[in-house]
Each structure stands twice: as structure tokens, then as C-alpha cells.
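Undergrad: Here's my sequence, what's the structure:
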Amino acid sequence: SVSVTDRHIGSDCKFYIYNLHRHFENFVTDRVDARLQLAAMHVATSSLLPDSQTNMSGEERSIELIRRCWVNRPLSRQESIHLENVRYICKGNCAVLAMLCEELQASFDQVCFLYASSNNGKDRSQK
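TA: Numbering: from 1, shown residues only. Below you'll find the predicted structure:
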């Protein structure tokens, strides 16, 4: 992620840079937090019709992105926020995505004890 500060307002704006997959022509990233943010955007702008670029609905693309977020470490603070955003947006609209988010959160919670002594209350960040 890249952070930019607006000197006129004094606010800190974060954004992600995605790559365009050369064969499938969809956005990809190696970062879990960026992938979760992209999943939130897909489900928030979803319709029942498949997108002409991905040939999937936003919900289907979000499910695909969330499945690629499994890692064997606790979530960073930013990743937790993005996962919670996906869960909030899909609540009541996409049961499969909501259950997948719950399962992903449970998986992260199971490995928290492994990092409790080395984390010392600080967020673990990727890369």
C-alpha cells in the first residue's frame, strides 16, 4: 500500500496498486490487505449479472479473492478492517461469502496464540 498525506487537509490517505493479469485481464495483488479491499469493492458494486471483464458477478469474484487470503498468521490491523468491511457489506445479501469470511476469521484466530509472545501487541504486516 502507498500512503499519501494531503498537506492542505493534513489527512493520511492510503491506497493500493494492483496489477492487471496479462492473460485473465483482472486485477491481482500479492498483498492480503489489498486483496481483501478489492473483494470489498467487488461485493459492494456487485449485480446479479456477470461482469464482461471477469465473466463473474461481484460476489463470485469476491469469493475467489477471499479464498486466496488464507495465511498461517494473525491478521494485521488493516487486514482485519478490510475483512470486517466485506462481512458488513455482504451481510444478508451473500450467505456464502459471509460464511467464508467467518471461516477465514476463525482460521486466523486459531493461530493467534502462536504469535502472542513474538508480536508484543504490535500488528504483523506482510512484506
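Undergrad: Which helix or strand contains A39?
TA: Secondary structure from DSSP states H and E places A39 in helix 32-44.
Undergrad: Show me where the chain dips below the pLDDT cut-off.
TA: For the chain, applying pLDDT under 70 flags the ranges 1-13, 117-127.
Undergrad: what about the helices in it?
TA: In the chain, the helices defined using DSSP state H lie at 32-44, 58-67, 77-90, 95-119.
Undergrad: Point out the most buried one among those helices.
TA: helix 32-44 (a mean of 23; mean count of other CB atoms under 10 Å). Yep, even glycine has a C-beta here, placed from its N, CA and C like the rest.
Undergrad: still on that earlier bit, please dump the helices of the chain into a markdown table; it should also carry distance to K14 for every row.
TA: Below are the helices of the chain laid out as a markdown table (distance: least, CB to CB, whole Å):
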| stretch | distance to K14 |
| --- | --- |
| helix 32-44 | 9 |
| helix 58-67 | 18 |
| helix 77-90 | 8 |
| helix 95-119 | 21 |
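Undergrad: Which of those helices sits closest to F15?
TA: Checking those against F15 by CB to CB gives helix 32-44 as the closest, at 9.1 Å.
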